[in-house]
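1. sequence isn't available, so here's the structure alone:
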């Protein structure tokens with residue numbers, strides 16, 4: 001009887017432990033704004049190594065929305081690729097010089113007094129958002145390029161066998177969150193030797209990580225990442241949402257900027 005009672009007590013203790021409610025002090029999941037806003041461009045008079053990122057050749061209009069998704073008098077908070085921020089208001093659409101042969105780019109200019117670093121910036125309508133950003137640590141070789149943003153690394157690799165193919169990898173805390181293949185196809189008349197990807201040289205189809213913002217300001221995921229993907233006649237700017245174990249492209253953020261035919 002004593003043994004049976006001990007067995008019942010042990011079983012009750014196990015059942016009690018198994019049915020105990022989970023602790024209530026776990027951290028809430030990071031908040032991703034329902035509206036992720038837009039990627040905008042802080043312009044400069046020239047594109048240099050000192051100002052990495054996408055910079056149209058103009059300084060007459062300091063900040064522009066190249067997707068023209070903001071109607072006039074829209075107020076947004078803008079955070080650049082190094083974390084500086086300010087409030088800006090959209091104006092009427094205009095054109096700026098971009099590319100070659102007198103090409104012009106249709107943009108919506110944004111007015112404000114905050115000083116932002118040339119390159120890509122993030123414009124949000126969510127006033128409660130407090131994203132942070134740091135300039136990337138960049139390491140490039142002919143077969144691999146890596147962009148370090150703290151907990152996040154964006155890695156671009158050339159396929160060792162098919163050298164016109166490559167992979168874009170998003171790595172969070174040393175764990176792959178998502179991998180995406182890409183390929184360089186030649187335009188008519190291009191030299192066949194140009195099919196080989198050289199990640200140090202860059203060029204058509206090779207993605208470049210311009211900026212990454214920690215959305216909740218913690219320095220941890222989720223991140224919004226800005227990727228530039230050149231083509232033969234222009235370039236695309238893409239927005240990617242990177243969470244701890246998943247990655248997806250935010251299609252409404254993607255903008256194609258025509259430069260000129262080569």
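-> That came through, no problem. Just so you know, these numbers come straight off a predicted model, no measurement behind them.
2. could you measure the closest residue to residue 84 other than its chain neighbours against residue 54, distance?
-> Spatial nearest neighbour of residue 84, excluding adjacent residues (C-beta to C-beta, 6 or more residues apart in numbering): residue 116 at 5.5 Å. (C-beta placed from N, C-alpha, C; glycine too.) In this view, residue 116 and residue 54 are 13 Å apart by C-beta to C-beta, to the nearest Å.
3. and for residue 204?
-> On the measure of C-beta to C-beta, residue 204 and residue 54 end up 15 Å apart.
4. more neighbours, those two?
-> Counted by other C-beta atoms under 10 Å, residue 204 and residue 54 do not tie: residue 54 has more neighbours, with 24 against 20.
5. state the mean pLDDT of stretch 60-72.
-> Confidence over stretch 60-72 (mean pLDDT, whole number) is 91.
6. enumerate every residue touching residue 177.
-> 170, 171, 221, 242, 243, 244, 245, 246, 247 (C-beta atoms under 8 Å, 6 or more residues apart in numbering).
7. of those, keep whichever come out buried.
-> By neighbour count, with 16 or more other C-beta atoms under 10 Å, the contacts of residue 177 hold 170, 171, 221, 242, 243, 247 as buried.
8. sorry, back to before: in JSON lines, list the contacts of residue 177 along with distance to residue 128, secondary structure and pLDDT.
-> Putting those into JSON lines (distance: C-beta to C-beta, whole Å; DSSP: H, G, I helix; E, B strand; the rest coil; pLDDT from 0 to 100) gives the following:
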{"residue": "170", "distance to residue 128": "26", "secondary structure": "strand", "pLDDT": "98"}
{"residue": "171", "distance to residue 128": "29", "secondary structure": "strand", "pLDDT": "98"}
{"residue": "221", "distance to residue 128": "19", "secondary structure": "coil", "pLDDT": "95"}
{"residue": "242", "distance to residue 128": "21", "secondary structure": "strand", "pLDDT": "97"}
{"residue": "243", "distance to residue 128": "19", "secondary structure": "strand", "pLDDT": "96"}
{"residue": "244", "distance to residue 128": "22", "secondary structure": "coil", "pLDDT": "94"}
{"residue": "245", "distance to residue 128": "25", "secondary structure": "coil", "pLDDT": "94"}
{"residue": "246", "distance to residue 128": "23", "secondary structure": "strand", "pLDDT": "96"}
{"residue": "247", "distance to residue 128": "24", "secondary structure": "strand", "pLDDT": "98"}
